[in-house]
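Student: I'd like to go over a predicted model; first the sequence, then the structure.
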Amino acid sequence: MSSPSSSFPAALQWLARLAIALSLLCAVGLAGLYHFGPARSGWAELLRYVPFLLYTAPAALALLLSLALGWWWRLGALLALALMATAVMDLRLGLGRTDLPPDAPGTRTVRFMTYNIKSYRAVFKAGGFVPLNNEIEQHQPDILVMQDAREVSRVGDLPYGMRAVLPKHKLYAYGQYAVASRFPISGCAPFDMSLKDEKSDYVRCTVDIDGTRIDLVTAHLLTPREGLNATREERLGGLDDWSGNFADRLSQAERITAALTPLKRPTIVAGDLNAPEHSVVVGRFLDLGLRDAFSAGGIGWGFTHGHSFKPGVSFLRIDHILVSPDIGVRDAWVGWRGGSEHRPVVADLVIPTRAAKP
């Protein structure tokens, strides 16, 4: 009896073996680098921003070519694609969810949302703030933090119909940041994380949720755009620019975590951190004891950025909700792509409370 691959040309079988071997090497190498790569390495951090289609499409082609070979080769090709879809693309299955009923004594479920709204572009887009407002209304957050929200600061209130969506939310706005909360907020202030040639701030507030005081930080770290453009246009010649860009973003993360160390009460850090979860940048927050809400409670990949570029697919998870160990995560998800260049991240958080719920 002939083997399943005996009817295929020898050259095609050789090509299939090569493609599968390279696919496996790439999958294992990227998975190891993403999760156990060298700390503070600029080139290793750069690879985290590669669109997943650049490695999953060849892996899918290798799987198709494996039909010219026997079953062991087919399994190898399938394993390579599975590794890329899980370990490399960081698939999440909601395994860290808090298993408590919504009305458990001593807790309150709070819906938290972070959203880079790019308000300076929404003003000039068709429909203006309507897509943003619709997205916020759909999720009905108890607490909403926004970045690139200078229109909110400029107006001094939630503008362009947003106040109708959040009629009872208290508001703090400063610069590009806005914090809107159903719960009392106090002590809100900007804190410096400026770079040597660029002024930059983050915002810190205290939120009172049924007697529990929560430290809330929202931040927008330095964009990787200039560093990525340098490597794309200059190849190896742009690595120095990228390394400097990465170092600046890491410096901002270290400024924030130094101010929070040690955690004194339940803490939420949320915003556009411009770095994937396994990057060294986000790792500074995780080293503090925080955890990523989507990683704990979300299902899927949770990509929030990239859909404004061709081919219109989100491929980076750079917007985060990070919570301290005393805050549970019941669920987490990302929102629609149509409102902004960033999808919002939404999480149902379980807050330990001291006062009876109304």
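Tutor: Sure, I can see it.

Student: which elements pack onto the helix ranked longest in the chain?
Tutor: With DSSP state H setting the assignment, residue counts place helix 10-36 as the longest helix in the chain. Taking 3 or more CB pairs under 8 Å, 6 or more residues apart in numbering; DSSP states H and E as contact, the helices and strands that helix 10-36 lies on are helix 42-47, helix 53-65, helix 71-83. From N, CA and C alone the C-beta is placed, and that goes for glycine too.

Student: quick check: angle from that helix to helix 53-65?
Tutor: Between helix 10-36 and helix 53-65, the angle formed by their directions is 140 degrees, by axes from the mean of the first three to the mean of the last three CA atoms, to 10 degrees.

Student: could you list the buried residues of helix 10-36?
Tutor: 13, 16-17, 19-20, 23-24, 26-28, 30-31, 33-34 (16 or more other CB atoms under 10 Å).

Student: residue 46: which of those residues is nearest?
Tutor: Here the nearest of the buried residues of helix 10-36 to residue 46, counting by CB to CB, is residue 33; it sits at 10.8 Å.

Student: quick check: closest non-adjacent residue to that closest one.
Tutor: residue 44 (5.8 Å; CB to CB, 6 or more residues apart in numbering).

Student: gap between that neighbour and residue 276?
Tutor: In this structure, residue 44 lies at 12 Å from residue 276, with CB to CB, to the nearest Å as the measure.

Student: over to residue 139?
Tutor: In this structure, residue 139 and residue 276 are 23 Å apart, going by CB to CB.

Student: do residue 110 as well
Tutor: Counting by CB to CB, the gap from residue 110 to residue 276 is 26 Å.

Student: quick one: which of these two has more around it?
Tutor: It is residue 110, of residue 110 and residue 276, that has more neighbours when counted by other CB atoms under 10 Å, with 24 against 18.

Student: what strand or helix carries that one?
Tutor: Using DSSP states H and E, residue 110 falls within strand 107-116.

Student: mind checking how far stretch 327-347 is from the chain centre?
Tutor: 9 Å (CA atoms, centre = their mean, to the nearest Å).

Student: cool, and stretch 82-90?
Tutor: The chain centre lies 16 Å from the centre of stretch 82-90; the measure is CA atoms, centre = their mean.

Student: just the buried residues of that stretch, please?
Tutor: Taking 16+ other CB under 10 Å as the basis for neighbour counts, the residues of stretch 82-90 that come out buried are 83, 84, 85, 87, 88, 89, 90.

Student: and for stretch 313-320?
Tutor: Under the neighbour-count criterion of 16+ other CB under 10 Å, stretch 313-320 has 314, 315, 316, 317, 318, 319, 320 buried.

Student: not counting its neighbours along the chain, what's nearest the third one?
Tutor: Nearest residue to residue 316 in three dimensions, chain neighbours excluded: residue 305, at 4.5 Å (CB to CB, 6+ apart).

Student: read off the pLDDT value for that neighbour.
Tutor: With respect to pLDDT, residue 305 scores 96.

Student: who's in contact with it?
Tutor: Contact criterion CB atoms under 8 Å, 6 or more residues apart in numbering gives 314, 315, 316, 317, 318, 319, 341, 342, 343 as the residues in contact with residue 305.

Student: what's the closest of the residues you listed to residue 56?
Tutor: Nearest to residue 56 among the contacts of residue 305, with distances taken as CB to CB, is residue 315, at 10.0 Å.

Student: just so I have it, where are all the helices in the stretch 101-250 of the chain?
Tutor: With DSSP state H, counting those that start in this stretch applied, the stretch 101-250 of the chain shows helices at 119-122, 130-139, 150-155, 162-165, 225-234, 239-260, listed in chain order.

Student: show residues contacting the fourth one.
Tutor: If I follow you right, that is helix 162-165. 129, 132, 133, 136, 137, 152, 157, 158.

Student: any of the residues you listed buried? List them.
Tutor: By neighbour count, with 16+ other CB under 10 Å, the contacts of helix 162-165 hold 129, 132, 133, 136, 152, 158 as buried.

Student: can you tell me the closest non-neighbouring residue to the first one?
Tutor: This means residue 129. Closest to residue 129 by CB to CB, 6+ apart is residue 160, at 3.7 Å.

Student: my read: the one you found touches residue 149, true?
Tutor: No - Residue 160 lies out of contact with residue 149 (CB atoms under 8 Å); the separation is 11.5 Å.

Student: so the two - more neighbours on which side?
Tutor: The residue with more neighbours, out of residue 160 and residue 149, is residue 149; 31 against 17, by other CB under 10 Å.

Student: need phi/psi at the nearest residue to residue 51 once chain neighbours are set aside.
Tutor: Counting by CB to CB, 6+ apart, residue 51 lies nearest to residue 315, which is 4.5 Å off, once chain neighbours are set aside. Comment: the main-chain dihedrals of residue 315 come out as phi -140, psi 0, following degrees, to the nearest 10.

Student: distance of residue 315 relative to residue 267?
Tutor: For residue 315, the distance to residue 267 under the criterion CB to CB works out to 29 Å.

Student: rank the helices and strands packed on helix 10-36 by pLDDT, which is bottom?
Tutor: Taking each of the helices and strands packed on helix 10-36 in turn, the one with the lowest mean pLDDT is helix 42-47, at a mean of 84.

Student: if we can go back for a sec, what about the residue nearest to residue 33, how many residues nearby?
Tutor: Other residues near residue 44 come to 16 when the count uses other CB under 10 Å.
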